[in-house]
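K.L.:
Everything below, folded, please.
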Amino acid sequence: MATPPVDAPRDDPDDSVLTVERLSVAYGSDEVLDRLDLSVARGERLAVLGEGASGKTTLARSLVAGLSAPAQVSGSVSYRPVDGDPVSVFDLADDERERFRRETVAVATGDAGGFDSTSTDRGQFQPALRATGTDEARAERLLSALGLDADRVLDARPRQLNAAATQLAALARAALAGPAVLVVDDCRAAVGHLVRGDRLDRFESAVGLGTDTGGADGDGPESPTVVALGAELPALAALADRLAVLHDGHVVEAGPTERLLDEPSHPHTRRLVEFYGGSR
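P.N.:
All right, here's what the predicted structure looks like:
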């Protein structure tokens, strides 16, 4: 792969909540990510735009040290709390990693939301409720904030719901503990739903921030950081303050959404913007 460009500088790099540095991931001879650099500012909505098989899910899993053998990984991912020293995500012990995924950086995925098709969502929320020390009323509030009928969703089996409702239920489950960062990986239907009206604003208000600022029931409310990874530029652009374009294993361009739509500088970004018509 070609030498990756440097991620576009941020106005306040010291306010990064997540920092990815020279991240490379390979499966045998298949190099998926190549010395990828990316910073995520606290409180921002960042969209990572990439075509199929561009490494989006690998990146999402890397943010929570979710890669396993035979993945060959180098580089680093660090999380910086509001108070305290940065945390090396890859160096977390097993028990620390599980808590980190619940309370600090939580991931919702688009592959049926990680739900078992044979039981109701209500039953499948229970382990997460116990692990996060939250009650069913919080799950209902989060689902309602997403514009869903909470009782209907909880009493249904995943196969009885459409893709958007299933993905949004996964997002609500990931948000139970009020994590500082929500990672939304390949949830095309959910993102399309969120960008209508003020649904995302209402959901973020309901989530609150994670344990480093007082938990879901802390003094907030403050919005979590959102990292959405996907292939559909219009919906991601409507959601995001900033876009990062993933291509050939690394971020080829990153910057404010308006600037990338109006003045894309990398040839791959220009192709994507032209394909989608260049506007929100």
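K.L.:
least trustworthy helix or strand in this structure by mean pLDDT?
P.N.:
When the helices and strands of the chain are compared on mean pLDDT, DSSP states H and E, helix 199-207 comes out lowest with a mean of 92.
K.L.:
From the rest of the structure, what touches that helix?
P.N.:
By Cβ atoms under 8 Å, 6 or more residues apart in numbering, the surrounding residues in contact with helix 199-207 are 45, 141-142, 145-147, 171, 175, 178-179, 182, 193-194, 216, 221, 223-224, 226, 239. C-beta: built from backbone N, CA, C; applies to glycine.
K.L.:
What ranges in this protein fall below the confidence cut-off?
P.N.:
For the chain, the stretches flagged by pLDDT under 70 are 1-14, 113, 209-222, 278-280.
K.L.:
rewinding a little: return the distance of the least confident helix or strand of the chain from the chain's centre.
P.N.:
15 Å (Cα atoms, centre = their mean, to the nearest Å).
K.L.:
what's the answer for stretch 196-210, then?
P.N.:
Stretch 196-210 sits 14 Å away from the centroid of its parent chain (Cα atoms, centre = their mean).
K.L.:
Extract the C-alpha trace of it and format it as CSV.
P.N.:
Extracted C-alpha coordinates of stretch 196-210, given in CSV (Å, rounded to 0.1, in the frame of the first residue of the first chain):
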residue,chain,number,x,y,z
ARG,A,196,-34.5,12.8,10.3
GLY,A,197,-35.7,15.7,12.5
ASP,A,198,-34.1,16.0,15.9
ARG,A,199,-33.9,12.3,16.8
LEU,A,200,-30.1,12.2,17.2
ASP,A,201,-30.2,15.3,19.4
ARG,A,202,-32.9,13.7,21.6
PHE,A,203,-31.1,10.4,21.8
GLU,A,204,-27.7,12.0,22.8
SER,A,205,-29.5,14.0,25.5
ALA,A,206,-31.0,10.8,26.8
VAL,A,207,-27.7,9.0,26.8
GLY,A,208,-25.6,11.5,28.8
LEU,A,209,-21.9,10.9,29.2
GLY,A,210,-20.0,7.9,30.6
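K.L.:
Quick one, which of the contacts of helix 199-207 are buried?
P.N.:
By neighbour count, with 16 or more other Cβ atoms under 10 Å, the contacts of helix 199-207 hold 45, 142, 145-147, 171, 175, 178-179, 182, 193-194, 216, 223-224, 226, 239 as buried.
K.L.:
So which of those sit within helices?
P.N.:
142, 145, 171, 193-194, 239 (DSSP state H).
K.L.:
Turn those residues into a markdown table, including distance to residue 91.
P.N.:
Shown next, in a markdown table, are those (distance: Cβ to Cβ, whole Å):
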| residue | distance to residue 91 |
| --- | --- |
| 142 | 31 |
| 145 | 35 |
| 171 | 28 |
| 193 | 36 |
| 194 | 33 |
| 239 | 31 |
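K.L.:
Widest-spaced pair of these?
P.N.:
142 and 239 (17.6 Å; Cβ to Cβ).
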